[in-house]
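Trainee: Provided below for reference: sequence and predicted model.
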Amino acid sequence: MVDKAQCCCSTEEATEEELLSRLDEVIAEYKGKPGALIPVLQMAQAIFGYLPESALKKVALGLDKSYSEVAGVVSFYAFFSTNPKGRQTIRVCLGTACYVRGGKQVLEALKSKLKIEVGEATPDRELSLEVARCFGACGLAPTMSIGEEVYKRVRPAKVGEIIEEYYKNNVSVKGAAV
Amino acid sequence: MAKITIDNEVVEVPDGTTILAAARRAGIKIPTLCYLEDVQAIGACRVCMVEVEGARTLVASCVAPVSDGMVVHTNSKKARAARKMVVELLLSDHTGDCQVCDRNDDCELQALARDLGIRDITYQGEKSRRLVDDSTPALVRDSAKCVLCRRCVTVCADTQSVGGIFPQGRGFETVIGPAFAGELDDIVCVQCGQCAAVCPVGAISERDQVQEVWAALDDPTKTVVVQTAPAIRAALGECFGLEPGTLVTGRMVTALRRLGFHAVFDTNFAADLTIMEEGNELLTRLKKALTGEGDVALPMFTSCSPGWIKYIEYFYPDMLNNLSTCKSPQQMFGAIAKTYYAQKIGKKPEDMIVVSIMPCTAKKYEAQRPEMRDSGVQDVDYVLTTRELGRMITEAGIDFVNLPDGKQDSPIGLGSGAADIFANTGGVMEAALRTAWEVVTGQELPFDNLHVTPVAGLDGIKEASATFTNCLPEWSFLEGVTAKVAVAHGLGNARRLIEKIRAGEASYHFIEIMTCPGGCIGGGGQPRMTTNAIRKKRIEAIYKEDEGKALRKSHKNPEILQVYEEFLGAPLGELSHKLLHTKYTPRTKV
């Protein structure tokens, strides 16, 4: 359960029950049609932002598919994600220039600061961590970005400061995860 | 018809025949791995590639159909090199601990490497991650041995209509398994072990309990008794190179005695007991339904097959009232052994160990169900599959083939011919009818040689009906009633039958369901590979065992009459209800 007081964006967000009932409508529309699984999964991801277990089980039941088969499809396509996305995405460039100038170490520092793996989001759903391939700023390597903002010549030791600065400027809720 | 040339041999085959089938007809062997007759032909592993003149690439012969005038070379330089490369690549990502693998000498990948003359694995590099799943009491999966052939996927989804395992992930990361490469215990796995039965390598096997059984036999404080399922006697010989369908009942008993079991009994005794309870339960349900005395669920389903029990609990939980409340013969035996027999020999249930030899992996699960402790302790302690018993006999250095015949102990070791046929599809139905008919009419079941042939054989769904006439006075309400029965084996067929009933397209009074194709003789714990030809041979052997007996009806079994007289009282009596009947658990399918 998402604790609403802890969730910075809960005021505009629908509850999980509301999202699941929207999914029910999608399933009702596609039920019994051949090839329904992938479009229904795409719409489910559009509704939830990712594919939570509750949605996948509903899809399996609704379309009378085995849960393992649904999971097989979800884990096959890179498009589908079973991890929630953060409000903003951190991208660490691992293009050639950034890689040789320590991009990998920047990524490791972020992983240990945020305590998440690539593809995951922080528990407060504020930040996701992804890997990128070249921002076109190779002269400023290594680079990373949070949302639209690009950070240049990032040193692994400074990663903590960047994150704390981000939270100070963007997240007002006290007691956030970091 | 198409005329094709394979390795300079001209073969004429019907259109649509695959190159592999045409080659086999011409006596030409093309190596295969993922292909499995009657189960799967998907061209996934590429081991069966051959060269076809005029074709741009090599083709997978298990899926490529012939065309008239086709010229095929199965052993051209190109085909040999490709095949060898494919197997080498498979070996490069396979944990090859062959000496200590339970498939040592029984592994299709090992055999392919040998047959193709592979002496070196030239490809080195990263190996797939290893996931070992021992979450269930029945099965162990080891992804490091998996060759991604998908036989298990097909048998689970199509033959069994369970869909527990599918490929997860993609490319090099692909793992065959439950949702998100999780564990069998978290999904709808019914633990039938058909996946293990078709696995070409050591990636899925039964959870081995041989060590636990040795430890029990070595423990001087325990009395260790053993029961053998009806289907073991027609298959165990295959573990020692005997022809499929060789009956080894007597040798099996001698081997078990030499292993050190204190008493060798027979699940067949409990199968006869099942008929007494289940037959009476059916007649009671029919009476209530026909006289309007009470609300009962019909059709009644048999409940001997634990994979089927878990299946109906998952997929049709609203029909659990249709299941007979009878425990399976394995569990009836355990409960009787640790009460009636324990009292007879002056032992406490906790000082007894009951070991089952079963053709089945789901029986390992069944023995551990929380309901199965009516003697006060777990009624059946250890369950070994046919394969595990074969290994145990081999380990003990027993020359099985040349053993003299032995005879089961009394008083819970005698089984009728009706109990023998529990081993195959249609058998429980036939056994029940042999008794029920005679109880109701006083006459023998009006089928030639007591065989209900319409429900025998390997057709997926079978039906029969018979009209009761000249009923004894207490069964007069059945006079003129046509009893309709059906039999399905393989859970996919069970699902089809149930859907027909739910759609109102068919109705029956009594239905036998066996989880595995062919019934227990084709169980997930039987010697590999069980093909339809082998199923037929085992079934023939079982009917031969039945026909060779003077005692062919459960209700005539003197040891059954004895256990009711000395202990249980009457079928469906109070003690029977406590020890021989059970309850089921509705489950959800995701």
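Mentor: Structure received. Numbers count the residues shown, from 1 in each chain, chains lettered A, B, ... in the order given.

Trainee: Spell out which residues make up each domain of chain B.
Mentor: Here the domain parsing of chain B from automatic domain parsing is B:2-92, B:128-206, B:210-268+B:330-402, B:276-327+B:415-523+B:549-580.

Trainee: now for those domains, which one comes closest to chain A?
Mentor: Proximity to chain A (C-beta to the nearest C-beta) singles out domain B:128-206 among those, at 2.8 Å. Just so you know, the C-beta spots here come from the backbone N, C-alpha and C atoms, and that holds for glycine as well.

Trainee: Give me the distance between the two termini of that closest one.
Mentor: Chord length of domain B:128-206, first to last residue, is 23 Å (C-alpha to C-alpha, to the nearest Å).

Trainee: Check stretch B:376-386 too.
Mentor: The first and final residues of stretch B:376-386 sit 28 Å from each other (C-alpha to C-alpha).

Trainee: In which helix or strand does the closest residue to A:Arg22 other than its chain neighbours reside?
Mentor: Leaving out its chain neighbours, the residue that sits closest to A:Arg22 by C-beta to C-beta, 6 or more residues apart in numbering or on different chains is A:Ile47, at 5.2 Å. Counting by DSSP states H and E, the element that carries A:Ile47 is helix A:37-48.

Trainee: what's the following helix or strand past that helix in contact with?
Mentor: Once helix A:37-48 ends, the next helix or strand along the chain (criterion: DSSP H and E) is helix A:53-62. Taking contacts as C-beta atoms under 8 Å, 6 or more residues apart in numbering or on different chains, the residues outside helix A:53-62 that touch it are A:16, A:19-20, A:23-24, A:27-28, A:31, A:37, A:40-41, A:44, A:47-48, A:65-67, A:69-71, A:74, A:82, B:589-590.

Trainee: let's see 10 Å
Mentor: A:16, A:19-20, A:23-24, A:26-28, A:30-31, A:36-37, A:40-41, A:43-45, A:47-48, A:51-52, A:65-71, A:73-74, A:80, A:82, B:163, B:179-180, B:588-590 (C-beta atoms under 10 Å, 6 or more residues apart in numbering or on different chains).

Trainee: Give me the buried positions along it.
Mentor: Neighbour-count burial for helix A:53-62 flags A:Ala55, A:Leu56, A:Lys57, A:Lys58, A:Val59, A:Ala60, A:Gly62 (criterion: 16 or more other C-beta atoms under 10 Å in any protein chain shown).

Trainee: from the residues you listed, which is closest to B:Gly237?
Mentor: When the buried residues of helix A:53-62 are compared for distance to B:Gly237, the smallest value, 43.4 Å, is given by A:Ala60; criterion: C-beta to C-beta.

Trainee: Distance of the closest one relative to B:Gly490?
Mentor: When distances are taken as C-beta to C-beta, to the nearest Å, A:Ala60 and B:Gly490 turn out to be 23 Å apart.

Trainee: And for the residue nearest to A:Arg22, the neighbour number?
Mentor: Residues lying near A:Ile47 (other C-beta atoms under 10 Å in any protein chain shown) number 19.

Trainee: likewise the one 4 residues further on?
Mentor: Using other C-beta under 10 Å as the criterion, A:Leu51 is surrounded by 22 other residues.

Trainee: swap in B:Pro306?
Mentor: Close neighbours of B:Pro306, defined as other C-beta under 10 Å, add up to 27.

Trainee: Need the nearest residue in space to it, chain neighbours excluded.
Mentor: By the measure of C-beta to C-beta, 6+ apart, the closest residue to B:Pro306 outside its immediate chain neighbours is B:Glu366, 3.7 Å from it.

Trainee: dump the residue contacts of the residue nearest to A:Arg22.
Mentor: A:Ala14, A:Glu18, A:Leu19, A:Leu20, A:Ser21, A:Arg22, A:Leu23, A:Glu25, A:Val26, A:Ala55.

Trainee: Among these, which one sits closest to chain B?
Mentor: Proximity of the contacts of A:Ile47 to chain B, judged by C-beta to the nearest C-beta, is greatest for A:Ala55, which lies at 11.4 Å.

Trainee: and the gap between the closest one and A:Glu130?
Mentor: If you go by C-beta to C-beta, the gap between A:Ala55 and A:Glu130 works out to 22 Å.

Trainee: Then B:Asp218?
Mentor: The span separating B:Asp218 from A:Glu130 equals 58 Å under the rule C-beta to C-beta.

Trainee: Which of these two has more residues huddled nearby?
Mentor: Taking other C-beta under 10 Å, B:Asp218 and A:Glu130 do not tie; A:Glu130 has more neighbours (15 against 10).

Trainee: Only the buried residues of the helix or strand harbouring that one, if you could.
Mentor: The secondary structure element spanning A:Glu130 is strand A:127-132 (assigned by DSSP H and E). Along strand A:127-132, these residues count as buried under the neighbour rule (16+ other C-beta under 10 Å): A:Leu127, A:Ser128, A:Leu129, A:Ala132.

Trainee: Ok, stretch B:366-373 next?
Mentor: For stretch B:366-373, by 16+ other C-beta under 10 Å, it's B:Glu366, B:Ala367, B:Gln368, B:Arg369, B:Met372, B:Arg373.

Trainee: among those residues, which are in helices?
Mentor: Using DSSP state H, the subset of those located in helices is B:Glu366, B:Ala367.

Trainee: of all the buried residues of strand A:127-132, which comes closest to B:Val190?
Mentor: A:Ser128 (38.7 Å).

Trainee: Check chain A for the residue nearest chain B and tell me.
Mentor: Of all residues in chain A, A:Ser66 sits closest to chain B, at 2.8 Å by C-beta to the nearest C-beta.

Trainee: Please name the nearest non-neighbouring residue to that residue.
Mentor: Setting aside the residues directly before and after it, A:Ser66 is nearest to B:Gly163 in space (C-beta to C-beta, 6+ apart), at 2.8 Å.

Trainee: Understood, closing this out.
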